[in-house]
Structures are given as structure tokens and as C-alpha cells.
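**Q** No letters, just coordinates:
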């Protein structure tokens, strides 16, 4: 299987998992929140709400030790990393320039998590949260539909 | 120029190519190329340029050969542990081809010495392993209008871009400033599959030879990405950035900058 075929064409998420993401992001408001999505074949199997170690309304950073623990848990559950989510407080659900920059190893276009869908939840209108998915690859951002079941 | 009988034999497979011929071989013998670093990338670049008969090869490196280098830095060998890489590379390349003169620059590049070193060369090949050097080399090449063949490798991946100042984008058009120190994850843990440097280095050497001969399409305005695991090549178009701080319409960087050394990926 080539990398193209492995690329997610869509990300499917159960309604209760979406609620977990929403609750985590709402709790951190007015700062950004972040987390990891484990799953298989573009389907989310487990949501890992993560601590934002640099709480701010415009950025997030995961705790490295927590990240290692989560990645281990994902492996042991027979899942893979299918997505990375974070919230935007006052901007639309679209990757910022920093989001794009951080998707690559510095100074290169080598993706840090080639298999991951970047999921962004915009809380610009708190009454109407917007969730969208993206691939950040080869210097470009492309849409990935997020289907809620 | 008159080729000796040995030279006609040595370069016969080049001379047979209509795109190269005797004329092209003469260009190669008269060319002056400088390698920034004689490590994972500089080794294969220098090896193939020496084999091709590039007459003058400069080697900028002030490190010594360590055993952990030998998994990928093929210009050196076990007998040369502790020897300066510039000396080791000179020995290797000149042994391969006596037509080649390797000029050693056993110093660390800085804003103070870079222009003086690269001004005498036609083409600069960046095989450096750190951001301060990569940006310094890019800026100096833009300022002196030197063709630069830039590359980077990491784990199972590599990228190559040819920079023709004034005719296409530079490294800063794509990555405007070096990443802040805190953004670079633990560099000592950054592994590299040895052969990746060989593939990317020979791609750089290919771009050098094409540039000298003036044939084909260079990777100008294009970044080539290669992934060893799925054997995929991808080319990403890179536009010139009008607001590039060094090669844009109103450059704000007019003097070379010595960025603080915060990371050596030790390629």
C-alpha cells in the first residue's frame, strides 16, 4: 500500500466521542484545548483529551510525557494515530500558519504525523461549534470530511 | 583543451553522450564546486563529482571522523578515525581521480568567512546539519548570486531544492526564519537511515552536474521530497516570495546573520 492509499479520505467519529471533544474544548475555553484520536481505517476508536501545557487563546502544546503514554496506549489497544485535534477560540476551523508549520519537521516538508488528520474545532461562535478535518502534506492543506455517526 | 589518452578512456561514457561530449567534459574539468560539510550528504556528492571529473572541489568542514559517522559518511573509513574530515575527503576523492584538486577549508563557516570562501566557486552544495549554517549559506549564496543545491534529510526522508538566485525561490522563500530553539525536538534522538543520505546526496550531485553542463530542468522553484519507506518521490512547487527577507523585492536582510547554534542533527 502506498502512502496515497493510506491517506484518509474521511474521518468518522461516533457522536459520544464528538461530545468528549466538545466538552474538553469547552472546559478549556477561553484557551485552546488539544487531544489525540486513536482508531483504525479513518474511524475514531478512542479520544484522548490532552493537557495544554501552554494554555493560551492562540496556541497549544501537548505534554511530551503524556503524549508518550497515549501513543503507547494506542499501540496496545491495536489502534493507530488517526487524528490530532485542537480548538480555535476566535478564528475559523482552519489551520493557522503555526498549525501548518508545526505539522512538519522544522525546515523541511517532512510531515511529523503523515497519517494524522488534523481536526480543528472552532468555538468562535460558542453556540455553534464548527468541526473540520485537514491533511497537512507536501506544503498544502486539504480538506478531509469529518462524518459523525 | 586536449584530453590525454587516459582522460578519454576515463570519461568515455560521458563523452559518448551527445548532451555531454568532449565539450561538456571540459566544462566539468573546469568547474569549481564547494561542499558545505563532508558528512552524510557531502560524501556521495563529492564522490560522484570527483568521478565525473569536476576539476576543483572545495570541502568546508572542521570536524573529525567519528565511528558513528561511518554508517553513512562514505568518504571516510575506519582507518581515518580522528582525522579531519576535510583531509579524509581529499584523500578519498583525489585517489578516485587524479584530475581532481580538492581544496580544504578546515574551518567552521560564519558570517566572517563564508563570502571569502565561496566567492571563488561556481556552485555551492549544502550538506550541513544545522539551521544556523543552512540559513547562512542560503543568504550568502543569494547575496553573491551563487547557484546553491540545498538538501536536508531526516529519519527515512530527504528533500532537495536548487536555488538560482534572481531566477527562482531561495530557502527563505519557503522557510522564512530558522525555527525557535524550543521548537526543535531533542536532536540527538533524530535518527537517519544511512542510505537516505546516499540517495539525497546523489540527487544533489545530479543537480550539480546538470548545472555545470547546462542540460535538463533543474529543481528550480521545486522541492523534491523522497521517502525511503514507500519509495515515493514528490515534487512540490515553491513560488518565489515577493516578501522574502533576503531575495524579495525589499530585502530586510542585507548582512549575514550568525544564528545561535542550538542544535546539531549530526547527519
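**A** Alright, I've got the coordinates. None of these values were measured; they are calculated from a predicted model.

**Q** Let me know the pLDDT of the nearest residue to residue A:31 once chain neighbours are set aside.
**A** Spatial nearest neighbour of residue A:31, excluding adjacent residues (Cβ to Cβ, 6 or more residues apart in numbering or on different chains): residue A:55 at 4.2 Å. (Glycine included, C-beta is placed from N, CA and C.) Listed pLDDT for residue A:55 reads 93.

**Q** what's the neighbour count on residue A:55?
**A** 14 (other Cβ atoms under 10 Å in any protein chain shown).

**Q** residues contacting it?
**A** Under the criterion of Cβ atoms under 8 Å, 6 or more residues apart in numbering or on different chains, the contact partners of residue A:55 comprise A:28, A:31-32.

**Q** Quick one: residues contacting the closest residue to chain A within the stretch 151-267 of chain B.
**A** When distances are taken as Cβ to the nearest Cβ, the stretch 151-267 of chain B reaches nearest to chain A at residue B:179, 3.7 Å away. Residues in contact with residue B:179 (Cβ under 8 Å, 6+ apart) are A:101, A:106-107, B:131.

**Q** Give me the buried subset of those residues.
**A** Buried subset of these (neighbour count, 16 or more other Cβ atoms under 10 Å in any protein chain shown): A:106-107, B:131.

**Q** could those be laid out in TSV, adding distance to residue B:208, pLDDT and secondary structure?
**A** Shown next, in TSV, are the buried ones among the contacts of residue B:179 (distance: Cβ to Cβ, whole Å; pLDDT from 0 to 100; DSSP: H, G, I helix; E, B strand; the rest coil):
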residue	distance to residue B:208	pLDDT	secondary structure
A:106	26	86	coil
A:107	21	87	coil
B:131	23	88	helix
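
**Q** thought residue B:107 was touching residue B:60?
**A** Yes. Between residue B:107 and residue B:60 there is a contact at 7.1 Å, judged by Cβ atoms under 8 Å.

**Q** Between the two, tell me which one has more neighbours.
**A** Set residue B:107 next to residue B:60 and count neighbours by other Cβ under 10 Å: residue B:60 wins out with 29 against 14.

**Q** From chain A, how far out is the more buried one?
**A** Distance of residue B:60 to chain A, given as Cβ to the nearest Cβ, to the nearest Å: 20 Å.

**Q** Please apply the same query to residue B:126.
**A** Using Cβ to the nearest Cβ, we find residue B:126 at a distance of 12 Å from chain A.

**Q** what's near enough to touch that residue?
**A** Contacts for residue B:126 (Cβ under 8 Å, 6+ apart) come out as B:36-37, B:41, B:133-134, B:137-138, B:148-151.

**Q** and if you look at residue B:8?
**A** Going by Cβ under 8 Å, 6+ apart, residue B:8 touches residue B:15.

**Q** and what of residue B:200?
**A** Counting by Cβ under 8 Å, 6+ apart, residue B:200 makes contact with B:41, B:151, B:153, B:158-160, B:226.

**Q** for residue B:100, same thing?
**A** Residue B:100 sits next to B:49-50, B:53-57, B:93-94 when contact means Cβ under 8 Å, 6+ apart.

**Q** That one - nearest residue in space that isn't next to it in sequence?
**A** In space, and not counting its chain neighbours, residue B:100 is closest to residue B:50: 4.7 Å by Cβ to Cβ, 6+ apart.

**Q** now that neighbour: how far from chain A?
**A** 28 Å.

**Q** which residues does that residue contact?
**A** Contact partners of residue B:50, counting by Cβ under 8 Å, 6+ apart, are B:57, B:92-94, B:96-97, B:100, B:102.

**Q** That one: which element?
**A** For residue B:50, the element it lies in under DSSP states H and E is helix B:42-52.

**Q** Could you pull up the mean pLDDT of that helix?
**A** Over the span of helix B:42-52, the pLDDT mean works out to 98.

**Q** and it, how far out from the chain's middle?
**A** 10 Å (Cα atoms, centre = their mean, to the nearest Å).

**Q** Tell me the first helix or strand C-terminal of it.
**A** Downstream of helix B:42-52 (by DSSP H and E), the next one is strand B:56-60.

**Q** mean confidence score for whichever helix or strand comes after that following strand?
**A** Heading C-terminal from strand B:56-60, the first helix or strand you meet, by DSSP H and E, is helix B:85-96. In this model, helix B:85-96 has an average pLDDT of 98.

**Q** Now chain A against chain B: closest residue?
**A** For chain A, Cβ to the nearest Cβ, closest residue to chain B: residue A:106, 3.7 Å.

**Q** For that residue, which non-adjacent residue is closest in space?
**A** In space, residue A:106 is closest to residue B:179, 3.7 Å off (Cβ to Cβ, 6+ apart).

**Q** re earlier: would you tell me which one of the contacts of residue B:50 comes nearest to residue B:111?
**A** residue B:57 (23.9 Å; Cβ to Cβ).

**Q** for the closest one, what are its contacts?
**A** By Cβ under 8 Å, 6+ apart, residue B:57 lies in contact with B:33-35, B:46, B:49-50, B:93, B:100-103.

**Q** and what of residue B:256?
**A** Each residue near residue B:256 by Cβ under 8 Å, 6+ apart is listed here: B:111, B:114-115, B:136, B:139-140, B:143.

**Q** Quick check: pLDDT value at residue 17.
**A** Let's take chain A. For residue A:17, the model assigns a pLDDT of 97.

**Q** That was the other one, I meant chain B.
**A** 97.

**Q** how far away is the residue of the stretch 151-267 of chain B closest to chain A from residue A:108?
**A** For residue B:179, the distance to residue A:108 equals 10 Å [Cβ to Cβ, to the nearest Å].

**Q** Next, count neighbours for residue B:13.
**A** By the criterion of other Cβ under 10 Å, residue B:13 has 9 neighbours.

**Q** wait, residue B:166
**A** Using other Cβ under 10 Å, residue B:166 is surrounded by 9 other residues.

**Q** returning to what we had before: list only buried entries from the contacts of residue B:100.
**A** If we count by 16+ other Cβ under 10 Å, those have these buried: B:49-50, B:53-57, B:93.

**Q** And the residue nearest to residue A:106, how far from residue B:16?
**A** 47 Å.

**Q** Drop anything exposed from the contacts of residue B:256.
**A** Among the contacts of residue B:256, those buried by neighbour count (16+ other Cβ under 10 Å) are B:114, B:136, B:139-140, B:143.

**Q** Could you list which of those residues belong to helices?
**A** In helices, judged by DSSP state H, the following of the buried ones among the contacts of residue B:256 are found: B:114, B:136, B:139-140, B:143.
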